[in-house]
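Peer 1: Could you look at this predicted model? Sequence included:
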Amino acid sequence: MSEFVNMLSSFNSQVATWLAPYLSQIVLIALICLTSVYGASLNKAVKRLIGQQNFVARTFVFILVTGVGIGSLIVFVSPYLVSMIKQIDRSYLPLTVLLLFVVLGVLADRKNQV
């Protein structure tokens, strides 16, 4: 039994070693997935607010919300999430990454996007 636990622990440690250099990319992918899950809802809300405005105003607000707003969210929140994940004990890194994407999958499923 202890041999199996040691093998599992070794495998977990190896996966954590593989994942560690890619935390920035993992967080970036997770944030992009999150924005794709909720992006349609955000666009619908913005469309309801500015639907009666002229084309130029609607386009400007769309660029502002989508390009600047969501882009800034991804660029500025990503480093904070990476630093938060780095504070977690390295032995929990594979489980943390797995749970992160499972939660994103559940959120996408609830929005009927899976």
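Peer 2: Arrived safely.

Peer 1: Could you use CA atoms for every contact and neighbour count after this?
Peer 2: Noted.

Peer 1: for this protein, which helix is longest?
Peer 2: helix 23-50 (DSSP state H).

Peer 1: Buried by neighbour count: which residues of that one qualify?
Peer 2: Residues 23-24, 26-28, 30-35, 37 are the ones in helix 23-50 that count as buried (16 or more other C-alpha atoms under 10 Å).

Peer 1: Then stretch 11-20?
Peer 2: Residues of stretch 11-20 classed as buried under the neighbour-count rule (16+ other C-alpha under 10 Å) are 12-13, 16, 19.

Peer 1: How about stretch 62-78?
Peer 2: Taking 16+ other C-alpha under 10 Å as the basis for neighbour counts, the residues of stretch 62-78 that come out buried are 62, 65-66, 70, 74, 78.

Peer 1: Turn the residues you listed into JSON lines, columns for pLDDT and secondary structure.
Peer 2: Putting the buried residues of stretch 62-78 into JSON lines (pLDDT from 0 to 100; DSSP: H, G, I helix; E, B strand; the rest coil) gives the following:
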{"residue": "62", "pLDDT": "86", "secondary structure": "helix"}
{"residue": "65", "pLDDT": "86", "secondary structure": "helix"}
{"residue": "66", "pLDDT": "83", "secondary structure": "helix"}
{"residue": "70", "pLDDT": "87", "secondary structure": "helix"}
{"residue": "74", "pLDDT": "89", "secondary structure": "helix"}
{"residue": "78", "pLDDT": "94", "secondary structure": "helix"}
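
Peer 1: All set, thanks.
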